[in-house]
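Participant: based on what follows, work out the 3D shape:
(chains A, B and C)
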Amino acid sequence: MARITLEGITKLYGKMTALDNLDLDVQDNEFLVLFGPAGAGKTTLLKTIAGVEFPQKGLVKIDGEIMNHVEPMYRNISMVFENYALYPHMSVYDNIASPMRSKLYKKDEAYIRAQVERVTQMMRIDNLWERRPSQLSNGQRQRVAIGRCLVRDPNVFLMDEPLAHLDAKLRHFMRGELKEIQSSFNSTTIYVTHDYMEAMSLADRIAVLNKGKIEQLGTSLEMYYTPCNEFVARLFGEPEINIFDGELTEQDGKMMVRAFGQPEPLCVEPDAAAVLTKGQHRQVHVGIRGNDVSFSFDKLPGWIQGSVYANEPIGNKVIMVVDVGGTHVLLVAPNDTQAEIDQPVYISLNMKNAIYFDADGETYIVRSDAERYTGKLAAAMEGR
Amino acid sequence: MASTSTIKKERKDTSALVDTQKNKKAMTALESFGRNAGLCIYALFALFPLLWMILCSFKADAQMYNTVFRFTPTLDNYEAVLLGTDYFRAFFQNLIVSGGAVLLTVVAGVPAAYALARYNFKKKEDVAFQILSFKFAPEIMVILPVFLIFQKIGLYDTYFGLIWVYQLITMPLLIWVVRGYFEDISVEVEQAAQLDGYKWFNVFFKILIPLVKPGLVASGLLAFIFAWNSFTFPLVLSGFNIQTITITSLRYIASDTVHYGQVAVASVIAVLPEIIACLFIQKHLVRGLSFGAVKG
Amino acid sequence: MAQLTLTGIHKRYDNAEKKLFKKKKVNDYAVKDLSFTCEDGEFVGILGPSGCGKSTTLRMVAGLEEITGGDAYIGNVRINNLLPKDRNIGLAFEDYALYPPLTVYENLAFNMRAKKMPDSEIKKAIDYVAPLLKVDDLLDMKPPALSGGQKQRVNIARAIVRRPGLLLLDEPLSHLDGKMRQALRHEIKRMHHEIKCTTIIVTHDQMEAMSLADRIVIMKDGELQQMGTPLEVYDNPENEFVAGFIGEPPMNLLQSIVHHESGQFFFTFENSPLRVEVPERYYNFLQNNQKVILGVRPVDVMVAKRTTAGSHVPISIYENLGDERRVSVRVGDMLLNMTTTEDVRYERGQMVQLEFNAEKTHLFHPETGSRIR
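Facilitator: Alright, predicted model coming up:
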């Protein structure tokens, strides 16, 4: 267990800025997920905490003590690397036993054996002790790497995309396993992934990274329901959130928003309208998720007309892309929905779940019923 | 982007397939026999000088100019060389000089290779290329200036001098091959070992060295062969104290006649260690040289 | 426009080919007795895990691999011994293989120029095909300047520019990231809708096959497992492999023992108190103490709203993923996964009862894996 604090970390590789004046506070025993697109700086951040990369500026503190000049081996950190980094000339058993054979963390062979047994059973690789890494599949190698990380009892676990190279079935299974043992972890864990479902499932909090900066830090529900900007909003959710231009107008004393070049404007929920009026916004970007869009092949009053751009059955649902005057709207449909390309279709949006963004800065303004999804209320109800 | 090579590969696949389809039936015993015969002829051609040398060592000087096989074998030459002269002294001196050179190359070269693989510093590639360029320069070109310098600093005719100069021929290959091997080991393996609690020294010896061993052995062996065979350097830079085998062979060229038989004996014994070593490590030689050294 | 018929196709690698292609399975059949028909204008996806023989099948159809046994027909013509160039097919591999020094236009025109087609015809063909894959504004650029997605579009455009009878795509989307993959999927579908070319796509990604293909051929270890529309293989998998392979998240496949008690059948599970009522339609096929594999998709099993007569099981995992909630319960050594879009919340360890959608359960034989009807 350890509290990790990063203050003003800047890391450059040549001319490229990997981390840009970054601050982060990780609570004791927290499971923090670093999430973001490729190249955002997640791996660099992890390596900086581990001490195998050195920041040009800034302080790395563990439990309040500055650790910048402390060697990796003394920081009591365990790490899973994205490319496994197994020792090619050692067997699986020796690979996993290795942390416990170094002078620093030395344990006797009986203890080592017991630990290796425990960990390999958990990872379902207990029948592979004698093999070399070159004789293993990618999935097996990844499990050995995770095993080597978990076999010790360090202050901090750092995991860099540990499930990335596993096939879908195995990834599902491992995610379940990790979630189950997560509660028994006695260490602070920082976990990197680019799979939003993994992030939402495992994290106490998520830090979204983009180009070396933290865009948002918060619980998974905060990310999904109240993203701080359009970039974060697009990262969560399948299909990707629809964001379209809107112009705020008034009709019969109620605030409405005009979009898609339609004559009929869409309703704005009163509590959201209040915030929008206070901020004196005129042009906004409206975000609506695919499961808040309904469709019909019959013309219904007030529904927006479009044509089917694509219709994708993906198993338990169908994702339909509707072309509305040049803009693409993605929606979720029942899995037996059939549609012809360019067939006319009518859509209706559930404005209760609309998220409003500032048209210039693309930052979050408001959504209806925001308190329900943020802060203490959400955590209490989430059942963690 | 590997598009061109991919295209070539695709085309080669296709045409190779078409060929196989067409020629499958034609791959008869005749072709296979012809191929083997051709290889045998070439092998004979390549090995002939060696065979001839061995034969010469058993021929008396008088019969030297006979055609190759008509002679009465004699051990006189062996007697003369091995027992008559201090041949074995030369053999061991060569061993010391070559062995010492390779040892120094390994001790200095492996860390250098590591530095070139891992660290980024200005003009790194220039330094690397410079090291490689030592191999390009013919020894004759540098021998005179080196001779003069060695005389001045008193390294003429010393073990240390020769070992030092031999680095010109032993180090470049080793550094380049071993560097390739280091580059193939992802840096994360070292970082993982550090996090496991190993000091850098342990990481180097327990983890890194075992992984570069094939390349190290192969290039080390080749370096030994280059050093062992070296002629120009010992010729000019050593005098009485150190007589390497290569030079020693010259001795059998007497003022009046050339004792080819004795020269042959000297040569045969000289190449023995190399041949034996190569035969044993043949497999590793090919693998070690090609695997790590070639970077795409 | 052509119909592709494969009958009893076998593929076996002999020693020479093993060395050429570095295959591991020698003297083993890479493809066994494969037969299916691809109708004129149809979009067929060949789907399966790596090593199942799908790429080998595609290469046999293309003429890059020899067909060891069986017959392949395009239309009425037997193509087994035809060279690739004589089969009138368009090929797009997963590595793009564009010629770097040529512009996109020249890349597209390459084959046609080799066939000495007149310039005007070449231009007409390219002008028709380029907008379909949105490469019309890339025509003057060269491959090194293009992104991965753009290169793949050009690659596919090149394959169809001569309007072949059959279009073959080998894992075209595997090197692209999420968003680009989605966009290109749409383009390929729309392109197919426009030119109605018989198309075969090979992929290991079941989502890709489901979203693009009219019908899917599922292969494993060189054998055909099932062929059908996406909905057919999703709703009616013929064996355990297909059931577990299609669908994300994967179908629950639980080992269970049938228990007969006072006229009713129940599914029971080792080390678990859970009992599930067996739907009536199975009654004639089951006996007491029979072992079966019960298959049910996560969307078809849910936490019961009302109390039923069944037993309670503890909640193992609860995940709130925004779009949906995922709940897993422990059934003996196995995990039963459920998904729902309802806004429900559970605690770990909470005891709940389960409700199964009886229509959507599947039974499989524990040894052979085939469906019990």
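Participant: buried stuff in stretch C:93-111?
Facilitator: C:93-98, C:104-105, C:107-111 (16 or more other C-beta atoms under 10 Å in any protein chain shown). Every residue, glycine included, has its C-beta placed from N, CA and C.
Participant: what about it, how long is it end to end?
Facilitator: Terminal residues of stretch C:93-111 lie 16 Å apart, using C-alpha to C-alpha, to the nearest Å.
Participant: domain parsing for chain A?
Facilitator: Structural domains assigned to chain A are A:4-229, A:242-382, following automatic domain parsing.
Participant: so for the longest one, mean pLDDT?
Facilitator: Across domain A:4-229, pLDDT averages out at 88.
Participant: give me every residue in the stretch 151-300 of chain A lying close to chain C.
Facilitator: A:167-169, A:172, A:176, A:179-180, A:183, A:196-197, A:200-201, A:220-221, A:224-225, A:236-238, A:240, A:289-291 (C-beta under 8 Å from any C-beta of the partner chain).
Participant: if you set the cut-off to 10 Å instead, what comes out?
Facilitator: Residues of the stretch 151-300 of chain A that fall close to chain C, judged by C-beta under 10 Å from any C-beta of the partner chain: A:167-169, A:172-173, A:175-177, A:179-180, A:182-183, A:194-202, A:219-221, A:223-225, A:234, A:236-240, A:289-291.
Participant: mark which of those are part of helices, please.
Facilitator: A:168-169, A:172-173, A:175-177, A:179-180, A:182, A:196-202, A:220-221, A:223-225, A:234 (DSSP state H).
Participant: what about burial for those, which qualify?
Facilitator: The buried subset of those - by 16+ other C-beta under 10 Å - is A:172, A:175-177, A:179-180, A:182, A:196-202, A:220-221, A:223-225, A:234.
Participant: how about the helix or strand harbouring residue B:214 as PDB, C-alpha atoms only?
Facilitator: In the assignment (DSSP states H and E), residue B:214 maps to helix B:209-229. C-alpha atoms of helix B:209-229 as PDB (Å, rounded to 0.1, in the frame of the first residue of the first chain):
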ATOM      1  CA  ILE B 209      25.200 -12.100 -21.100                       C
ATOM      2  CA  PRO B 210      23.400 -15.400 -21.500                       C
ATOM      3  CA  LEU B 211      21.200 -13.900 -24.100                       C
ATOM      4  CA  VAL B 212      24.000 -12.600 -26.200                       C
ATOM      5  CA  LYS B 213      26.100 -15.700 -25.800                       C
ATOM      6  CA  PRO B 214      25.500 -17.200 -29.300                       C
ATOM      7  CA  GLY B 215      26.600 -14.000 -31.000                       C
ATOM      8  CA  LEU B 216      29.500 -13.600 -28.500                       C
ATOM      9  CA  VAL B 217      30.700 -17.100 -29.100                       C
ATOM     10  CA  ALA B 218      30.400 -16.900 -32.800                       C
ATOM     11  CA  SER B 219      32.100 -13.600 -33.200                       C
ATOM     12  CA  GLY B 220      34.700 -14.400 -30.600                       C
ATOM     13  CA  LEU B 221      35.600 -17.500 -32.500                       C
ATOM     14  CA  LEU B 222      35.900 -15.600 -35.700                       C
ATOM     15  CA  ALA B 223      38.000 -13.000 -34.000                       C
ATOM     16  CA  PHE B 224      40.300 -15.700 -32.800                       C
ATOM     17  CA  ILE B 225      40.700 -17.000 -36.300                       C
ATOM     18  CA  PHE B 226      41.500 -13.600 -37.700                       C
ATOM     19  CA  ALA B 227      44.100 -13.100 -34.900                       C
ATOM     20  CA  TRP B 228      45.500 -16.600 -35.300                       C
ATOM     21  CA  ASN B 229      46.000 -16.100 -39.100                       C
END
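Participant: for that helix, give the mean pLDDT please.
Facilitator: 88.
Participant: counting by contacts, list what it packs against.
Facilitator: Identification of packing neighbours for helix B:209-229 by 3 or more C-beta pairs under 10 Å, 6 or more residues apart in numbering or on different chains; DSSP states H and E yields helix B:87-118, helix B:159-184, helix B:245-251, helix B:260-293.
Participant: residues near residue 32, how many?
Facilitator: Because you didn't say which chain, this covers chain A. By the criterion of other C-beta atoms under 10 Å in any protein chain shown, residue A:32 has 22 neighbours.
Participant: was after chain C, sorry
Facilitator: Residues near residue C:32, counting by other C-beta under 10 Å, number 19.
Participant: what do you get for residue C:288?
Facilitator: 10.
Participant: verify the stated contact: it with residue C:264.
Facilitator: No - look at residue C:288 against residue C:264 with C-beta atoms under 10 Å: they stay out of range, at 11.3 Å.
Participant: that's a helix at residue B:190, yeah?
Facilitator: Yes - checked against DSSP: H, G, I helix; E, B strand; the rest coil, residue B:190 lies within a helix.
Participant: do you know the pLDDT at it?
Facilitator: For residue B:190, pLDDT reads 90.
Participant: quick check: residues of chain C near chain B?
Facilitator: So chain C meets chain B at C:14, C:16-17, C:20-21, C:59, C:62-66, C:81, C:83-85, C:91, C:93, C:95-101, C:107, C:143-144, C:146, C:151, C:155 (C-beta under 10 Å from any C-beta).
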